[in-house]
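>>> sequence unknown, structure follows:
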DNA sequence: TCTCGTTATGACATCGGTGTCATTTTTATT
DNA sequence: AATAAAAATGACACCGATGTCATAACGAGA
């Protein structure tokens, strides 16, 4: 590999002068600069960040840990991994714009390896660290976030680590509010597993929307139709819909915990000969385009702003690195809005 | 940041001895080793890869370029990005196992930036480079792959660069073969955009399956139902299905260019009151679980082995880096098998 | 106890850049 | 033309690890 010394020799100047040319330092004479540039091009010289960062103590690297792999089986193209990708892309976008380089690691299937990955990051002297979760949850990183600038994306912890999460409550509330304003007063809600953070926040949003619109909360309309430990929740959904349809006053609209659940619901209702949205309105959550736009009628849902979360997490980290943010340790959690995406699966009545 | 000198001082030994302990070098006395270990722990010392790699000329880094972002709009959670994630995961898995660290960069929306990313990789002295495409295609990297070990995943070029791609022809052939063996002799095929590599290879597989089973090829049954420059190909699919159903001898099974197309077809057929699979059988391509397993009836499809492609690409790169592979420059392209995933959307007749 | 052969440890240079400070031009001023 | 001020360049040390070689400590046998 050619070094700065080779360039210096070829150009007939000192290494330091080459360094000055590289960094656009003042002052370098025009003729000298040209000679050096020529030598650099001729030799195909590329400076070494290793040497550079050793002197400057700045690696220009950002560590990124994602837990995607551990959440889906090896053989399948499962959709669970998608959020990570979008968040990572958002992060990448911002980091690239700011000249940082991403060091990405996946936890694989063993949770214990996270500390190993972080160790590797430390060896590379990353300037900061972002942990990306595949769904909104609470986590517990195996490091003191004091020792290294850390931002949590799509998750949070109990140590007041800076974190960025979606606004699940507001998202669900906005959706239900809009559904009610379309004339629906019997709005059912098929929730995700109660162990998920989003479930509680969205349920709260659901209730809040009912309350603000003067609609009574009916526990009969709220059912869990998703269990994390189940491979296939189809039976849960069938049971739930059977229950809802058997009610004295059945719902005219059903909100699903996510788009995938809505997709299954479409199939189930179709078998029963129930038309969407004429006979019943459906909404999802996630704005998982492969489903929402592919379905007929297209599915009304709430957009989970993964790219935004990633971008915001990256910005927060850059702020921490710059060190200009030492005054506001109380605003550790940033909440990103989740807009409603209105399509044709909800009927105005 | 604490250095090896701090540790040496704390342990009362020379830096070199600390180095020996770190690398498990012989010979180090038992007492000395303990002292040093204690000092390392006490100071929370983590060695610097920058310094290490400067001396050894080995960075332990692998560069990874993906073009995902440039292929879908910013605001949407489009599914197009999914393949990249799986390939990256496969790569990550293998690289992690071999102790390499991944440097990941996304080309963003400007194709020109690839060379900039590669430049950054060179500055970090990556030991090799993997380019990941979001779908099977031909590309043209802006570097001589001679100057740096390179492997292309899910794509290939005209310079005999080592590459790993899915077996599109065999995948489609196996699927159609199985469909025919279920009793279907009128098998339609709705293809993707003809500009895609996969389209030609799969069409060939389709024809090959017909031929081997003694079924005549009927051009009337093969229609393009997807254009890259179209936002929404629904009308294309509707026209295609209308054409197929108007034939004197309509198809009993329809193979779609991908699962997303099949998803739309489900909706269209449902509106027409045509039952799947009783009245017509459907197959997809990709094994995009969110769709294939969510649909009712579950969609028969061909699995695109993205993880496998990633893993294989990683293995190929490691071989290149090891330099033990200089004898076989002719086997530049590795083809990974795409197995048929049989579900309920094809009826035996 | 002394020598010899291991075994354990340290001194020093080096990897490729850059900060500091000194030195040599060049340009401007009188 | 002499001189000061400014601009351009270079010498050298240093960042943190490790390879090379030298030296010190140790243990065994005479």
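That came through, no problem. None of the values given here were measured: they were computed from a predicted structure. Numbers count the residues shown, from 1 in each chain, chains lettered A, B, ... in the order given.
>>> now residue A:254, which residues is it bridged with?
On DSSP bridges, the residues paired with residue A:254 through beta bridges are residue A:188, residue A:282.
>>> Spit out the contact partners of it.
For residue A:254, the contacting residues are A:187, A:188, A:189, A:190, A:241, A:244, A:265, A:280, A:281, A:282, A:283, by CB atoms under 8 Å, 6 or more residues apart in numbering or on different chains. Bear in mind the C-beta positions are built from the backbone N, C-alpha and C, glycine included.
>>> The stretch 1-150 of chain A: strands as residue ranges?
Along the stretch 1-150 of chain A, counting by DSSP state E, counting those that start in this stretch, strands occupy A:61-66, A:101-106, A:128-138, A:150-156.
>>> list the contacts for the residue of the stretch 51-200 of chain A found nearest DNA strand C?
Among the residues of the stretch 51-200 of chain A, residue A:51 lies nearest to DNA strand C; the distance is 3.2 Å by CB to the nearest atom of the strand. Each residue near residue A:51 by CB under 8 Å, 6+ apart is listed here: B:50, B:54.
>>> How much space separates it from residue A:4?
For residue A:51, the distance to residue A:4 equals 8 Å [CB to CB, to the nearest Å].
>>> And the residue of the stretch 51-200 of chain A closest to DNA strand C, how close does it get to residue B:51?
Taken as CB to CB, the span from residue A:51 to residue B:51 is 9 Å.
>>> just for the stretch 201-349 of chain A, where's the confidence low?
Regions of the stretch 201-349 of chain A meeting the criterion pLDDT under 70 cover residues A:324-331.
>>> So which residues on it come close to chain B?
Applying CB under 8 Å from any CB of the partner chain, we find that the stretch 201-349 of chain A lies next to chain B at A:260, A:263-264, A:266-268, A:270-271, A:286-291, A:294-296, A:303-304, A:306-307.
>>> Break chain A into its domains for me.
Here the domain parsing of chain A from automatic domain parsing is A:4-47, A:61-166+A:307-336, A:168-304.
>>> Throw these into JSON lines and include distance to residue B:154, thanks.
Output for those, formatted as JSON lines (distance: least, CB to CB, whole Å):
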{"stretch": "domain A:4-47", "distance to residue B:154": "28"}
{"stretch": "domain A:61-166+A:307-336", "distance to residue B:154": "13"}
{"stretch": "domain A:168-304", "distance to residue B:154": "19"}
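>>> List the buried residues in the host helix or strand of residue A:307.
Using DSSP states H and E, residue A:307 sits within helix A:306-322. Under the neighbour-count criterion of 16 or more other CB atoms under 10 Å in any protein chain shown, helix A:306-322 has A:306-321 buried.
>>> Same question for stretch A:199-211.
Buried-residue list, stretch A:199-211, by 16+ other CB under 10 Å: A:199, A:201, A:202, A:203, A:205, A:206, A:207, A:208, A:209, A:210.
>>> Which one of those residues is nearest to DNA strand C?
residue A:201 (47.6 Å).
>>> isn't that closest one right next to residue A:173, touching?
No: using CB atoms under 8 Å, residue A:201 is not in contact with residue A:173, being 9.6 Å away.
>>> ok, back up a step: and the residue of the stretch 51-200 of chain A closest to DNA strand C, how close does it get to residue B:48?
12 Å.
>>> Repeat that for residue A:57.
Applying CB to CB to residue A:57 and residue B:48 gives a distance of 10 Å.
>>> Check the burial of the residue lying closest to residue A:342 once chain neighbours are set aside by counting its neighbours.
Using CB to CB, 6 or more residues apart in numbering or on different chains and skipping residues adjacent in sequence, the residue nearest residue A:342 is residue A:300, 5.4 Å away. By other CB atoms under 10 Å in any protein chain shown, the residues close to residue A:300 number 26.
>>> Let's see if you can find the most crowded of the contacts of residue A:254.
Comparing those by number of neighbours (other CB under 10 Å), residue A:283 comes first, having 29 neighbours.
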